[in-house]
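Q: Provide a 3D model corresponding to the input given below.
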Amino acid sequence: MPFTLQEIEMTRRTTPTEEEVLEYAKTCSNWGRWGPEDQLGTLNLVTKEKGRQAAGLVEDGTSVSCAWTITTDMPGERLSRVMHYMTATGEAGEEAQWSGDFLGMAYHGNCITHVDALCHVFTGGRMYNGFSSKLVNSSQGAEAESIELLAQGVVTRGVLLDIARLKGVRWIDTPDQILPEDLEEAEKAQGVRVEAGDVLLIRTGHLARYYSGEVVDTSAPRPGPHASCIPWFRARDIAMLAGDQNNEVSPCGYEGLEEPIHQIAIPGLGLWLIDNTNLEELAQACEQRGRWEFMMVIAPLRFHNATGSPINPIAVF
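A: The predicted structure is shown next:
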């Protein structure tokens, strides 16, 4: 049986204070690691060797989407806004020749599956690696660290750590803090280890609860990684972090930090986040095969000077 949260806390030497968490921006920093002009951050860890490793994990060719369907009626979603209207239809019958539509959305939020570019979060007026926050402006958009850096996509090894499975539940229905100990327990239970250059996917079942009707507000208190995981992410050198929530436990436990993974890991580590993934079918595919590693394919839209992109991450077995 996995440890309870109380038992895990008792085994910890200390719980990091808010001041210690803020220090992670320095102690876990990747500024200058790949040169003063670097804008890729942890995606520098996705090498050609990682691509070949990922390709070697493909056995039966099955692909699994890790995105939720985007709709215009997302009750309870206070941040994401979606517009969809038809520019041409087939309603004229035999006289109709084509159809078309317009799509628009504010994808940053707690429902739409999307990737955050490194220009999405600032600290002290700076982005990752010291670039000025003023490079993101109303006239030009993001003039540095935009989503266009991922124009060639990302192909690397993906690893799913299923924390709900670890706890023996369909989904975690309380705002549990996922700690480094939980991640390591999941590794042991699943017989897998997170390595440098991987995309780490963490399943709690939170958005599955929302789409099943169990939760009416995706911004409500929810389980997710605790800020104490940031040094663990840095030590394992993950390339991207993906959660079936916004990669944050809420409430996070700190008065001066609302979303510490975003506020510290993005500008400090240069860690790319994929928020609100759909990990239900992926978890089933992993369970059926008895393995929790696969090829991960991530291809954002090539938006000019954008702070991120809606995304449909694909796992291939």
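Q: does residue 254 really touch residue 227, like I thought?
A: Yes. Using C-beta atoms under 8 Å, residue 254 is in contact with residue 227, at 7.0 Å. Backbone N, C-alpha and C define where each C-beta goes, glycine included.
Q: neighbour count winner among these two?
A: Shown here are residue 254 and residue 227; by other C-beta atoms under 10 Å, residue 227 has more neighbours (27 against 16).
Q: List the contacts of that one.
A: 16, 21, 24, 252-254, 257, 260-261, 264 (C-beta atoms under 8 Å, 6 or more residues apart in numbering).
Q: which residue sits closest to residue 158, ignoring its sequence neighbours?
A: Excluding its sequence neighbours, the residue lying closest to residue 158 (C-beta to C-beta, 6 or more residues apart in numbering) is residue 296, at 3.2 Å.
Q: ditto for residue 137
A: Going by C-beta to C-beta, 6+ apart, residue 137 has residue 143 as its nearest residue, at 7.3 Å.
Q: now swap in residue 294 and tell me
A: Closest residue to residue 294 apart from its sequence neighbours, by C-beta to C-beta, 6+ apart: residue 315 at 4.6 Å.
Q: give me the low-pLDDT residue ranges for this protein?
A: Residues of the chain meeting the criterion pLDDT under 70: 1-14, 75-79.
Q: which residues in it form helices?
A: Ranges of helices in the chain, per DSSP state H, are 5-11, 18-27, 48-55, 163-166, 180-190, 206-212, 230-236, 260, 280-289.
Q: Could you find the closest non-adjacent residue to residue 90?
A: Counting by C-beta to C-beta, 6+ apart, residue 96 is the residue found nearest to residue 90 once chain neighbours are left out, at 4.3 Å.
Q: just residue 258 next, same as before
A: Closest residue to residue 258 in three dimensions, ignoring its sequence neighbours and counting by C-beta to C-beta, 6+ apart: residue 252, at 6.8 Å.
Q: Please apply the same query to residue 45.
A: Closest to residue 45 by C-beta to C-beta, 6+ apart is residue 197, at 4.0 Å.
Q: Surely the one you found and residue 156 touch.
A: Yes. With contact defined as C-beta under 8 Å, residue 197 counts as touching residue 156 (5.6 Å).
Q: ok, residue 105 - how many residues close by?
A: By the criterion of other C-beta under 10 Å, residue 105 has 16 neighbours.
Q: beta partners for it?
A: Counting by DSSP bridges, residue 105 forms beta bridges with residue 82.
Q: give the contact list for it.
A: Residue 105 makes contacts with 70, 80-83, 112, 310, as judged by C-beta under 8 Å, 6+ apart.
Q: separation between it and residue 233?
A: Going from residue 105 to residue 233 by C-beta to C-beta, to the nearest Å gives 28 Å.
Q: next one: residue 24
A: On the measure of C-beta to C-beta, residue 24 and residue 233 end up 10 Å apart.
Q: again with residue 63
A: Applying C-beta to C-beta to residue 63 and residue 233 gives a distance of 27 Å.
Q: More neighbours: which of the two?
A: Counted by other C-beta under 10 Å, residue 63 and residue 233 do not tie: residue 233 has more neighbours, with 22 against 13.
Q: any idea how far residue 43 is from the more buried one?
A: Residue 233 is 14 Å from residue 43, by C-beta to C-beta.
Q: residues contacting the closest residue to residue 134 other than its chain neighbours?
A: Closest residue to residue 134 apart from its sequence neighbours, by C-beta to C-beta, 6+ apart: residue 125 at 7.7 Å. Listed by C-beta under 8 Å, 6+ apart, the contact set of residue 125 reads 132-134.
Q: quick one: which of the residues you listed is nearest residue 59?
A: residue 133 (44.9 Å; C-beta to C-beta).
Q: Surely the closest one is in contact with residue 122?
A: Yes. The criterion here is C-beta under 8 Å, and residue 133 meets it with residue 122 at 4.1 Å.
Q: Switch the contacts of residue 125 over to a markdown table; also include distance to residue 272 and neighbour count.
A: Shown next, in a markdown table, are these (distance: C-beta to C-beta, whole Å; neighbours: other C-beta atoms under 10 Å):
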| residue | distance to residue 272 | neighbour count |
| --- | --- | --- |
| 132 | 20 | 12 |
| 133 | 18 | 16 |
| 134 | 22 | 12 |
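Q: which one of those residues is nearest residue 116?
A: Looking across the contacts of residue 125 and measuring by C-beta to C-beta, the closest to residue 116 is residue 133, at 14.9 Å.
Q: what residues are up against that closest one?
A: 122, 125-127.
Q: Fine, thanks again, bye for now.
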